[in-house]
Every structure is written in structure tokens, then in C-alpha cells.
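[1] coords below, sequence missing:
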């Protein structure tokens, strides 16, 4: 019938629609479950939970006031701090003597002044210098007469007018007059005196600093005093006490450092131990520098050559954690605690023998905060 035919077509249409819908669902299901392209896959972040690592951001570093400095290769290793005193070498102090009595007419320097070699110190008028000048003038006159007499008698002797013995006597008198003249001139020269002025000048025999100046204008000298003392300003000597444990390992040529960075060189090491101090004497030479004054007591640093691989860092970078010596080294995502071997500390620096390489950044400010974070971890 027509009604049955219509129902059959309707069911066929519905069945086809259901089949088409199931096919679409199946296709879209495959697309949604497909693996994402390899280009968008990401690797898992590296772990920051390694032993000793402290995760800390740059903002936290800034807020905590943490600062870094680079480790540099170390050339010297501090061995010990030694008490010492600055002294003058035995030949570095001279006295200027006024050997001829007289009266001071002028002074040119004062105590504490630095002078050059040959510089005038004082002018002294002396009656004896006048006498010495007169003696030189008389000796020169006798020399002139003896020279003329020897020449005349020599000519007569050669002409056969007189005997040769008389010419020889004249030559002997000439040599005697020459000696007297030379001696009188030498005495005036040694005294730096002028016979015509009747005075002599005291001059500095070495360059240095005037440590004693006792002359005043108008005062007298008796010829037996040394009114000026000059200390050489170019060199000094360090005398220190070397502990018994270092005797035998310290040798001449090793370096020392004074406060302020002034350096010196060891010149001698004693081999006898003082039973009272259990130390030996050490001497070093040092050049003149600001703060280097004879008689000054100070502490010096004895230095040795640092081993290969040793680095130098600010002393504030070194600290202790759980009884171990450590420094904090900057790394990815924070800092890392490193156990180190410290060779010595001096002048605000520490020498690290192991645990840190040259060029690495170490924490110099904020180690207390990092210690707290390390203990909480």
C-alpha cells in the first residue's frame, strides 16, 4: 500500500543518517587522540635539588643584599703574621761632625727635613780656618820661591857654573814646599773650608732625613761634637721574630708584606732558637715608603709561593657551615655551597687551595643569610 511504502522509505532515510553520524564521530575521535607533533614537545626542567644547591632568584638576591666577586689566581700564600720593628741598616745612619771649633753663623736645615747628598747644613766661622788659610798662603809662597830657585840652579848646573849637588838641594827644597802646600790645601778641602773667608761649611754626606739638628745661629762648637745625624731615607730593615715551627722552612729571598701593601724581601734567618720566646730572628729589607719609620712596631705577613690552582678571594667570602670551611659559588638558579681548603688569610683576602676555580663568582656579602637557607634545606 502507499502508506507502507512511505514508512519503508522513512526508515531507510533514518538508517542512512545514523550510519553517517557514526562515521563522523569515529573520524573526529581519531583526530583528537593523535599524538602532538614532536616540534611542540618540551623537555622536563633540570633538577635544582643537587646537594648543596640553594635555589634563589635574582630578585631575592637583590633584596637580601647578596653580592659577588670573582676568584682570581693566587701568586702568594700567607704563612704567618709576625711581630716586627722597623730599624735602620748598620750603614744607614751617619753623624756629621763639626771638627773645627768656631761659631755658627748660619743654619740651612731643620730636624725632620729631607736632604740630598752634598747639601749645605750650616756655616761656621773659625779662627783656626783663618790660620789654616794663612798657612796655605805661606806654603804657596815658599813653593813659588823653591820652584824658581830650582829652575835657576838647575840651569847653572847644566852650564857648569855650579856643582850639581846644589841643584839637587834646590829640587829637594821644591818637593818639600810642594808637600807642605798640598797638605795645607787638603786640610781646608776636607773641612770644606775657605781660608779667605775664615769659615767652613757642614754638608750632608748622604741623602736622607735629618733626625738630629742641634745647631743654632750664634751657638759655638768645640770641635768634638756631631750636631747633625742623618738617616738614609732610601732603605730600612725589618727585624721580626720567626716561630720555631717555621725555622728551616723560611729562606732568604722570600717576601714579606707590611701594613698598607709595602713589600720587602727576607735577607737572613737565624738558626738559634731563643729559649724564652721559642723563636728565631728574621731580617728583611724594605724600601722607603709612607708610614715606614725607624723604631715603629708593626705586624708583617710572611709570604710563600702559592701552589698551582690556588685562588684568592675576599676574606668575607670564607665562612664555616656545620664545622666545615665553605664558600658560596654562584650557579644556575641560585648558589652552591662548596667545601674548600683555606691556605691563609691576610690584608682582607683569603687564599683557597681547593674547591674553587679562578673566574668563578663567590658570595662576598650576605653569607649569613645563605647559611640560614642552607641549614633549613
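    Right, received. Where do you want to start? Everything numeric here is computed off the predicted structure, so don't read it as measured data.

[2] And the next helix or strand past the biggest strand by length in the chain?
    Across the chain, the longest stretch assigned as strand under DSSP state E is strand 76-87. Per DSSP states H and E, the first helix or strand lying C-terminal to strand 76-87 is strand 93-98.

[3] Flag every buried residue along that next one.
    Residues of strand 93-98 classed as buried: 93-94, 96, 98 (neighbour count, 16 or more other Cβ atoms under 10 Å). For the C-beta atoms, the positions are set from N, CA and C on the backbone; glycine is no exception.

[4] Counting by contacts, list what it packs against.
    strand 199-203, strand 225-232 (3 or more Cβ pairs under 8 Å, 6 or more residues apart in numbering; DSSP states H and E).

[5] Name the next helix or strand downstream of it, please.
    strand 102-107.

[6] what residues does stretch 55-63 touch?
    48, 64, 66, 333-335, 366, 373 (Cβ atoms under 8 Å, 6 or more residues apart in numbering).

[7] can you check stretch 183-201 too?
    99-100, 102, 105, 120-127, 129-130, 132-137, 139, 202-203.

[8] of the residues you listed, buried ones?
    100, 102, 121-124, 126, 129-130, 132-133, 135-136, 139, 202-203.

[9] Show me which of the buried residues of strand 93-98 is closest to residue 358.
    Residue 358 lies nearest to residue 93 out of the buried residues of strand 93-98, by Cβ to Cβ, at 45.9 Å.

[10] Quick check: chain neighbours aside, which residue is closest to that closest one?
    residue 231 (5.2 Å; Cβ to Cβ, 6 or more residues apart in numbering).

[11] about what we covered before: mind putting the buried residues of strand 93-98 into JSON lines with pLDDT and distance to residue 196?
    Below are those laid out as JSON lines (pLDDT from 0 to 100; distance: Cβ to Cβ, whole Å):
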{"residue": "93", "pLDDT": "84", "distance to residue 196": "34"}
{"residue": "94", "pLDDT": "90", "distance to residue 196": "29"}
{"residue": "96", "pLDDT": "93", "distance to residue 196": "24"}
{"residue": "98", "pLDDT": "91", "distance to residue 196": "20"}
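
[12] out of the residues you listed, who's nearest residue 344?
    Of these, the one sitting nearest to residue 344 (Cβ to Cβ) turns out to be residue 93, at 35.5 Å.

[13] Can you tell me the SS state at residue 358?
    At residue 358 the chain is in coil, as set by DSSP: H, G, I helix; E, B strand; the rest coil.

[14] Could I get the phi/psi values of it?
    Dihedral pair for residue 358: phi -60, psi 140, per degrees, to the nearest 10.

[15] again with residue 184
    The phi/psi pair for residue 184 (degrees, to the nearest 10) is phi -60, psi -40.

[16] Quick check: closest non-adjacent residue to it.
    Per Cβ to Cβ, 6+ apart, closest to residue 184 is residue 136, 3.9 Å.

[17] Where in the chain is the helix or strand with the lowest mean pLDDT?
    For the chain, counting by mean pLDDT, DSSP states H and E, helix 2-32 ranks last in confidence among helices and strands (a mean of 47).

[18] Report pLDDT for residue 35.
    What the model reports as pLDDT for residue 35 is 39.

[19] hang on, I meant residue 105
    Looking at residue 105, the pLDDT reads 95.

[20] likewise residue 287?
    87.

[21] Run through the helices of the stretch 201-350 of the chain in chain order.
    Counting by DSSP state H, counting those that start in this stretch, the stretch 201-350 of the chain has no helices to list.

[22] ok, residue 362 - contacts?
    68-71, 313-314, 317, 327-330, 356 are the contacts of residue 362 under Cβ under 8 Å, 6+ apart.

[23] Spit out the contact partners of residue 251.
    Residue 251 neighbours (Cβ under 8 Å, 6+ apart): 266, 269.

[24] Which pair of the buried ones among the contacts of stretch 183-201 spans the longest distance?
    Pairwise over the buried ones among the contacts of stretch 183-201, using Cβ to Cβ, the maximum falls at 121 and 139, 29.3 Å.

[25] for the chain, what's the longest helix?
    Determined from DSSP state H, the single longest helix within the chain is helix 127-159.

[26] can you give me the offset of that helix from its chain's centre?
    Relative to its parent chain, helix 127-159 has a centroid offset of 62 Å by Cα atoms, centre = their mean, to the nearest Å.

[27] what's the answer for stretch 204-217, then?
    On Cα atoms, centre = their mean, the centre of stretch 204-217 falls 29 Å from the chain's centre.

[28] pLDDT averaged over it, what's the number?
    90.

[29] got a list of contacts for it?
    Taking Cβ under 8 Å, 6+ apart as the rule, stretch 204-217 contacts 92-94, 96, 98, 104-107, 109-119, 121-122, 221, 225, 227-234.

[30] Filter those residues down to the buried ones, PyMOL style.
    Of these, the buried ones can be selected in PyMOL as follows, counting by 16+ other Cβ under 10 Å:
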select buried, resi 92+93+94+96+98+104+107+109+115+121+122+221+227+228+229+230+231+232+233
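
[31] what's near enough to touch residue 311?
    Residue 311 neighbours (Cβ under 8 Å, 6+ apart): 71-74, 351-352, 356-358.

[32] In a markdown table: the residues you listed, plus distance to residue 187 and pLDDT.
    Shown next, in a markdown table, are the contacts of residue 311 (distance: Cβ to Cβ, whole Å; pLDDT from 0 to 100):
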| residue | distance to residue 187 | pLDDT |
| --- | --- | --- |
| 71 | 69 | 90 |
| 72 | 64 | 91 |
| 73 | 64 | 90 |
| 74 | 62 | 87 |
| 351 | 63 | 89 |
| 352 | 68 | 91 |
| 356 | 72 | 91 |
| 357 | 73 | 91 |
| 358 | 68 | 91 |
